[in-house]
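> show me how the following folds:
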Amino acid sequence: MEDEIFQVYIKPGCPWCVEVVNYLKKGGYDFETIDVRADPTAYAKMQEISGQASAPTMTVGDLMLADFGVEELVPFLEEHGLLR
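Numbers count the residues shown, from 1 in each chain. Presented below is the predicted three-dimensional model:
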């Protein structure tokens, strides 16, 4: 799973999104950001995946974390053996 790319659904300007993206960049994670404000299809997919409309939402493989900040991200990464 550690070879999989993280998909991070974001809303530009969202402070939690900025914080999470910066954390992932600093940690050297391979990730793709998906702007749900610019892409209505991506917004609908984020809602389908997470059951809600809040960003950030992140998927990696079959795992999903929704409506989170770095304080929730770190334990999630640790729990799934993805923390660097």
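> got a list of contacts for stretch 26-35?
Judged by CB atoms under 8 Å, 6 or more residues apart in numbering, the contacts made with stretch 26-35 from elsewhere in the structure are 5-12, 21, 24, 42, 46, 84. C-betas here are computed from N, CA, C, even on glycine.
> make it 6 Å
Applying CB atoms under 6 Å, 6 or more residues apart in numbering, the external contacts of stretch 26-35 come out as 5-10, 24, 42, 84.
> which of the residues you listed tops the neighbour count?
Within the contacts of stretch 26-35, residue 9 tops the neighbour count with 25 neighbours, counted by other CB atoms under 10 Å.
> just confirm that residue is within a strand.
Yes: assigned with DSSP: H, G, I helix; E, B strand; the rest coil, residue 9 falls within a strand.
> buried residues, the helix or strand hosting residue 33. List them.
Using DSSP states H and E, residue 33 maps to strand 31-35. Buried residues in strand 31-35, defined by neighbour count with 16 or more other CB atoms under 10 Å: 31, 33-34.
> before we move on, the earlier item: greatest separation within the contacts of stretch 26-35: which pair is it?
Of all pairs drawn from those, the greatest distance, 26.3 Å, lies between 42 and 84 (CB to CB).
> state the distance from the spatially most central residue of the chain to residue 80.
Nearest to the mean C-alpha position of the chain, by CA atoms, centre = their mean, lies residue 58 at 2.6 Å. Between residue 58 and residue 80 the distance is 11 Å, computed by CB to CB, to the nearest Å.
> also residue 39?
Counting by CB to CB, the gap between residue 39 and residue 80 amounts to 27 Å.
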